[in-house]
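Participant: Need a 3D model of the sequence below.
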Amino acid sequence: MARPIWTGSINFGLVSIPVEMMMAVHEKTVHFHMLSKDGSCRLRRKLVCPDTGKEYDFNQTARGIEIGPEDYVLVDQREIDRLKPEKGRSLEIVQFISPAEIDPVFFDRVYYLKPAKEAKKPYKLLSAAMSESGKSALARFVMRERQYTAMIRTSGDVLVLHTLHYADEIDKIDKEITCDLDRIKVSPGEMRMAKELIKSMTRALHIEEFKDEFREQLQALVDAKAHGKPVASAPEPQRPVARTINLMDALKKSLAAGSVRHRAPTNGHAAHNGHRRRRSA
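Facilitator: Numbers count the residues shown, from 1 in each chain. As a prediction, the model looks like this:
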């Protein structure tokens with residue numbers, strides 16, 4: 001069983017619910033190391049002054065913030081320690097909100113909150129009350145010497161915590177992106193066809209269908225090399241298909257392609273000629 005990365009209590013009002021915070025996401029990637037050309041030696045990086053070439057050990061270093069070209073303010077570790085937030089075990093709910101009030105651009109990392117054995121009833125009460133009221137909680141807590149703002153939502157009976165970026169960390173939408181968009185006119189016909197195309201491409205989500213194909217192929221390459229198996233040469237990348245410039249023409253072609261791709265036999269039975277229809281790939 002995975003170990004909790006934080007333990008404490010959800011506090012709201014006079015209610016305190018002991019919980020453990022568990023990782024909800026484990027990102028997968030293929031990690032490479034820097035080696036010598038023949039692969040016999042793993043290489044290391046050094047701390048070197050680019051002007052003198054002198055090498056420094058880590059305990060000979062200091063922390064500094066650049067305030068101008070080659071101009072730094074040194075900050076002592078003791079000064080940093082005095083400013084660090086006080087370590088705590090409290091996940092303090094500040095207020096309840098509608099989930100739609102937080103733009104997804106604010107979401108950072110996600111964790112599951114697991115109730116302690118003696119706290120299952122208040123945990124269930126909180127999750128059920130939030131679920132029925134359609135509300136999420138906005139909370140603050142300290143973890144690993146950093147203060148976080150987080151949104152807590154429900155997923156079934158489970159409480160899920162999303163750490164949030166702070167407002168001053170989010171870049172505003174550049175005016176170049178929205179430039180002239182308010183003056184662009186869309187005809188009723190274009191809007192109707194675009195909505196028809198969206199409708200034709202709408203289906204139930206099966207998120208497990210989406211794979212990181214590059215990572216899987218790269219892992220297969222590594223596994224083959226590790227076991228001395230022959231490695232097939234990668235196919236040449238396909239050139240991108242030329243796109244239709246005319247908007248209405250593009251919408252019509254997209255709808256036509258979608259209708260062929262998603263066409264199914266009437267009432268789920270075989271076609272009139274006695275043979276089963278095949279869906280095109």
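Participant: so how many other residues sit close to E190?
Facilitator: 13 (other Cβ atoms under 10 Å). In short, each C-beta sits where N, CA and C put it, glycine included.
Participant: That one contacts M248, correct?
Facilitator: Yes. Shown here, E190 and M248 form a contact pair, counting by Cβ atoms under 8 Å, at 6.3 Å.
Participant: Quick one: the helices in the protein, in order.
Facilitator: 77-83, 120-133, 175-178, 188-200, 213-226, 247-262 (DSSP state H).
Participant: okay, and for this protein, where does confidence drop off?
Facilitator: Applying pLDDT under 70 to the chain flags the ranges 1, 234, 237, 239-245, 258-281.
Participant: Could you pull out the strands in it for me?
Facilitator: Secondary structure of the chain (DSSP state E): strands at 6-12, 15-23, 47-48, 55-56, 63-68, 71-75, 90-97, 107-115, 136-143, 146-155, 158-164.
Participant: how about stretch 131-139: buried residues?
Facilitator: Under the neighbour-count criterion of 16 or more other Cβ atoms under 10 Å, stretch 131-139 has K135, S136, A137, L138, A139 buried.
Participant: I'd like these laid out as JSON lines, including distance to P85.
Facilitator: Converted to JSON lines, those look like this (distance: Cβ to Cβ, whole Å):
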{"residue": "K135", "distance to P85": "27"}
{"residue": "S136", "distance to P85": "23"}
{"residue": "A137", "distance to P85": "20"}
{"residue": "L138", "distance to P85": "18"}
{"residue": "A139", "distance to P85": "15"}
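Participant: and stretch 119-132, how far out from the chain's middle?
Facilitator: 27 Å (Cα atoms, centre = their mean, to the nearest Å).
Participant: Touching it from outside, list them.
Facilitator: Here stretch 119-132 makes contact (Cβ atoms under 8 Å, 6 or more residues apart in numbering) with 10, 12, 15, 17-19, 96, 115, 136-137, 152-154, 157-159.
Participant: swap the cut-off to 10 Å and go again
Facilitator: Stretch 119-132 is contacted from outside by 9-10, 12, 15-19, 93, 96, 113-116, 135-137, 152-160, using Cβ atoms under 10 Å, 6 or more residues apart in numbering.
Participant: how about that stretch: buried residues?
Facilitator: Residues of stretch 119-132 classed as buried under the neighbour-count rule (16+ other Cβ under 10 Å) are A119, Y123, L126, S127, M130.
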